[in-house]
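**Student:** Predicted model follows, preceded by the sequence.
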Amino acid sequence: MLTELLENIKLPSMAVLEANPAFLKNGKSGFVKMVPTRLSVVEVFEDCRSIRRFVIRDRGHTTGFGTVRSVKKKGDKDKDKDNGYP
């Protein structure tokens, strides 16, 4: 489940077009904060390349995909694991 839209970015330069956008249009890219509703095995992109990517599907349609930038484990006191992005 997507909980927050952090940035709207332009690929491949990764330039920030808008911070805290209200929505992302079809075909646009961005950084989002996500909380899985089911148990999931993920690793940070730089740590384990074989399980670094994810796909979000809804009723048989792909609605999003991407790579894991950082992971906050349940019970962690600090904001996020330091992986280059908040």
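**Tutor:** Yep, it's here.
**Student:** Mind naming the longest strand for this protein?
**Tutor:** When the chain is parsed with DSSP state E, its longest strand is strand 2-10.
**Student:** for it, the distance to its chain's centre please.
**Tutor:** 8 Å (CA atoms, centre = their mean, to the nearest Å).
**Student:** I'd like to know which elements it is packed against.
**Tutor:** The elements that strand 2-10 packs onto, with contact taken as 3 or more CB pairs under 8 Å, 6 or more residues apart in numbering; DSSP states H and E, are strand 15-19, strand 29-34. In short, each C-beta sits where N, CA and C put it, glycine included.
**Student:** Of those strands, flag the one that's most buried.
**Tutor:** Mean neighbour count (mean count of other CB atoms under 10 Å) peaks for strand 29-34 among those, with a mean of 16.
**Student:** Residue ranges in this protein under the pLDDT threshold?
**Tutor:** 49, 76-86 (pLDDT under 70).
**Student:** Go through the helix or strand harbouring residue 66 and flag the buried ones.
**Tutor:** Of the helices and strands defined by DSSP states H and E, residue 66 is found in strand 61-67. Within strand 61-67, the residues that count as buried by 16 or more other CB atoms under 10 Å are residue 66.
**Student:** what pairs with it, and is each one parallel or antiparallel?
**Tutor:** strand 53-58 (antiparallel) (DSSP bridges).
**Student:** could the helices and strands packed on strand 2-10 go into CSV alongside distance to residue 55?
**Tutor:** Output for the helices and strands packed on strand 2-10, formatted as CSV (distance: least, CB to CB, whole Å):
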stretch, distance to residue 55
strand 15-19, 24
strand 29-34, 12
